[in-house]
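>>> coordinates only, sequence not included:
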């Protein structure tokens, strides 16, 4: 997730980069992660990065997952356990400087990391569906990737409009990386689905709403899934019906709230009212 302490102290108290990228230092482990294997990819600038892969059941989508700034590939796999149990596959990218990977994280560095993991995921997916998913900071990574490559679908969870908007006004000038998600959403040429909790204290839901409005204004295909009462890290079990609804829309071109719990509101882009009452 985007660390809640990211901008809690003045910028002069320490390097801003450490607040943006509070990387875990322990090497990745697949202990307690059923069917998971460690993988490695090579970036264009010469780094070898480790990540985690869980195979999909035949015909099920593979999720290329970009986690938040205070998380790891391993924690992302654990969070998505209900989806994996339902048959989805997952390639959990791990960034440079995270989980004993070499390098130093930055926006430019994560661009190279995303490109490398996408290349690996495309090879592994073959003809199977490949969905790009980003949580919090990872939403910026995923949307940035969509500006360089045409993807099958992009899903963001708890995404901000841009990184500086997640910082207090007095510290924004010190934030070196941008992650301009609002501009990226307007330029999308693939289906886009946005997930945000109404009680997200890390990235307030009004930023999710701004992304929703931008997508609607640009005539993008997709919708927002608003989870009433959810925080920045929604229950993984709630993601199962959401991803099923995304799959149904991709297959039919029609949005339906059938099967969604009462706590989830499905709002098509360009609209303000949910499909479900």
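Arrived safely. Only a predicted model underlies this, so the values are computations on that prediction, with no experimental measurement involved. Numbering: from 1, shown residues only.

>>> what is the neighbour count of residue 79?
Using other Cβ atoms under 10 Å, residue 79 has 21 neighbouring residues. In short, each C-beta sits where N, CA and C put it, glycine included.

>>> roughly how far apart are it and residue 18?
Residue 79 sits 24 Å away from residue 18, taking Cβ to Cβ, to the nearest Å as the criterion.

>>> equivalent analysis for residue 111, please.
Residue 111 is 20 Å from residue 18, by Cβ to Cβ.

>>> who's more crowded, these two?
Higher neighbour count among residue 111 and residue 18: residue 111, with 18 against 11, using other Cβ under 10 Å.

>>> the more buried one in helix, strand or coil?
The three-state label given to residue 111 by DSSP: H, G, I helix; E, B strand; the rest coil is helix.

>>> skipping its backbone neighbours, what lies nearest it in space?
residue 144 (6.2 Å; Cβ to Cβ, 6 or more residues apart in numbering).

>>> same check on residue 92?
Closest to residue 92 by Cβ to Cβ, 6+ apart is residue 73, at 3.7 Å.

>>> look at the one you found and say how many residues are nearby.
Residue 73: 32 neighbours (other Cβ under 10 Å).

>>> so it sits against residue 64, correct?
No. With contacts counted by Cβ atoms under 8 Å, residue 73 stays clear of residue 64, the gap being 11.3 Å.

>>> who touches both of the two?
When contacts are counted by Cβ atoms under 8 Å, 6 or more residues apart in numbering, the set common to residue 73 and residue 64 consists of residue 93.

>>> how about the contacts made by the residue nearest to residue 92?
Going by Cβ under 8 Å, 6+ apart, the list of residues near residue 73 reads 28, 50-52, 65, 67, 92-94, 98-99.

>>> same list (those) but as JSON lines, adding neighbour count, pLDDT and distance to residue 106.
Converted to JSON lines, the contacts of residue 73 look like this (neighbours: other Cβ atoms under 10 Å; pLDDT from 0 to 100; distance: Cβ to Cβ, whole Å):
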{"residue": "28", "neighbour count": "23", "pLDDT": "97", "distance to residue 106": "20"}
{"residue": "50", "neighbour count": "18", "pLDDT": "98", "distance to residue 106": "19"}
{"residue": "51", "neighbour count": "31", "pLDDT": "98", "distance to residue 106": "18"}
{"residue": "52", "neighbour count": "24", "pLDDT": "98", "distance to residue 106": "22"}
{"residue": "65", "neighbour count": "28", "pLDDT": "98", "distance to residue 106": "20"}
{"residue": "67", "neighbour count": "26", "pLDDT": "98", "distance to residue 106": "16"}
{"residue": "92", "neighbour count": "29", "pLDDT": "98", "distance to residue 106": "20"}
{"residue": "93", "neighbour count": "30", "pLDDT": "98", "distance to residue 106": "15"}
{"residue": "94", "neighbour count": "30", "pLDDT": "98", "distance to residue 106": "15"}
{"residue": "98", "neighbour count": "27", "pLDDT": "98", "distance to residue 106": "12"}
{"residue": "99", "neighbour count": "22", "pLDDT": "98", "distance to residue 106": "17"}
